[in-house]
Structures are given as C-alpha cells and as structure tokens.
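Undergrad: below are the sequence and a predicted model; questions follow.
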Amino acid sequence: MVFSVKGRILVTGASSGIGRATALRLAGEGVPLILAGRDSARLRETAEAVQTKGGKALSVLLDVTHEDDWKRVANLIKEGSESLSGLIHCAGENWLSPVNAVRGEDLNRLMEVNLTAVVQGTRILLPSLVKGAPSSVVVISSVAALKGSPGLGAYGAVKGALISWARTAAAELAPRKVRVNAIVAGVVQTPMGSLIQRAAGEKAWSKLVEAHLLGLGRPEDVAGVIAFLCSDDARWITGAAIPVDGGLSCY
C-alpha cells in the first residue's frame, strides 16, 4: 500500500484488540501515530511495540466519553505543531442482553461509547486534520447492525446508527478531502469477543463460530483493511460500509 500522509494518524482504543493491531500495522507501513487509550500501562506496551517496529508514536490518555479529554488531545496536537492525516475510532464497548431486559442506562452507555464519542471526537479533531490534503476517518461497526442477532439488539442498533453517521459525514466532508468509511466487523478474537463468548453460552457460541465461514477473525485481519482505507490506494472509497466478517453476513 502507498501512504503519503502529511500528519499523524490517531488511533483510539490503541491499548488492546483491533486498536493495538491497527497501530502496529500502520507503524510497519511507516505511518507516524498518536496512540490513545484509557489504560496507561497497556498503552505504553503498544508504544514500545510500535517503536520496536521502527515506528514513531505519541501516546495520550483518552476516555472517549469525556469531551474535555478530546479537547485536551486537540490542544496537545495544536501546541506540538502537529496535524492529523487520519482518525481511527477503535474504542468500543459491548454486552449481550435480550430485548426485554435492556435498561435505559445500559443503552445510554452503549450510545455514549460507540456513537456519541465518535461523533464528538471527530467534530473536535476536524480542525487538526491537514488542510487541503487527503485525510481518512475510519469507524468500527458490526455485523449486528445488518442482521438480527439475539442478545445484540441494543448494540446492533447503535452500530447501525454509526454506519448512517459515517455515510452522512462522508458526504459532508468530501469537499474537505476527508474520506469516512465504516468497517462492519464479525466476531474477532479480542477481549470483547471473549466477553461475548462467556455471555452467549456454549451452544450459542458454537453456532456463532460456525456461522463465520472463514472462522473467527484476528485483530490483524481487521487492521489490514483499516490500513488500506487510510492509504492512497483507497483514495476513491468513501461512505462505504465494508464487511470484514469471515463470511458471517452471508447468512
């Protein structure tokens, strides 16, 4: 892939899972990074791994649900005379609950982490994007947004809203040379995936694994597509919702 970034790419949720894998993949491509996450120890581990690959990274503590944290990151970028060539929203949260058991506070939490944080974070960091140069925003949605998945009604609804937002953002930001795309992910072997396994039970989990025609994904499988979407090779792709799901959405 070809990268001609003019500034750093910021990755949220960089301390684990898809965020960490994405940071390492981009570092291997020579892309300078800003790593953001809540866990300082694990964030430091990601930064050290990036450096091992010869990459350049700044680390910032960020709770994506706190607007003041986003403003602090924006100020750090401005004070350091930095700019951004991309924003990758990997931070997220999930749990399983049947329709008749979803509480308002639980739904609000899913909205806050998986949707509101993306909308607000993108708004706050838009001025930090390199003016006049192509930039990329990538969000992580889910197959649960496209098909009925027992126990994932609230999560799927929020992730569906995220796809809708990404398409509208793509239409609005195209004149600024900012591309916006969504990854529609299947179940990936991450800490979040482990939570789903424990909550689903052995029988339901077995059926879910079987429904992935190519097996469960690894964080690196998603990271490769994210890296592509940030590269010059994806310069004609925006407003897309791209399944990266091992064939789960075929059914």
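TA: Arrived safely. Numbers count the residues shown, from 1 in each chain.

Undergrad: mind listing the helices for the stretch 51-200 of the chain?
TA: 67-79, 104-111, 117-125, 153-173, 191-200 (DSSP state H, counting those that start in this stretch).

Undergrad: with mean pLDDT, mean neighbour count and distance to residue 243 as added columns, please give the ones you listed in a markdown table.
TA: All C-beta atoms are positioned from the backbone trio N, CA, C, and that covers glycine. Converted to a markdown table, the helices of the stretch 51-200 of the chain look like this (pLDDT from 0 to 100; neighbours: other C-beta atoms under 10 Å; distance: least, C-beta to C-beta, whole Å):
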| stretch | mean pLDDT | mean neighbour count | distance to residue 243 |
| --- | --- | --- | --- |
| helix 67-79 | 96 | 15 | 29 |
| helix 104-111 | 92 | 14 | 21 |
| helix 117-125 | 98 | 19 | 19 |
| helix 153-173 | 96 | 19 | 11 |
| helix 191-200 | 70 | 15 | 17 |
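
Undergrad: of those, give the one that comes closest to residue 88.
TA: Minimum separation from residue 88 across the helices of the stretch 51-200 of the chain (C-beta to C-beta) falls at helix 117-125, 10.5 Å.

Undergrad: helices or strands up against that closest one?
TA: Judged by 3 or more C-beta pairs under 8 Å, 6 or more residues apart in numbering; DSSP states H and E, helix 117-125 is in contact with helix 67-79, strand 84-89, helix 153-173.

Undergrad: out of those, flag the one nearest residue 218.
TA: Across these, closest to residue 218 is strand 84-89 (C-beta to C-beta), at 17.3 Å.

Undergrad: just give the number of residues close to residue 218.
TA: 14 (other C-beta atoms under 10 Å).

Undergrad: look up the closest residue to it, ignoring the ones flanking it.
TA: Among residues not flanking residue 218 along the chain, residue 189 sits closest, at 5.6 Å (C-beta to C-beta, 6 or more residues apart in numbering).
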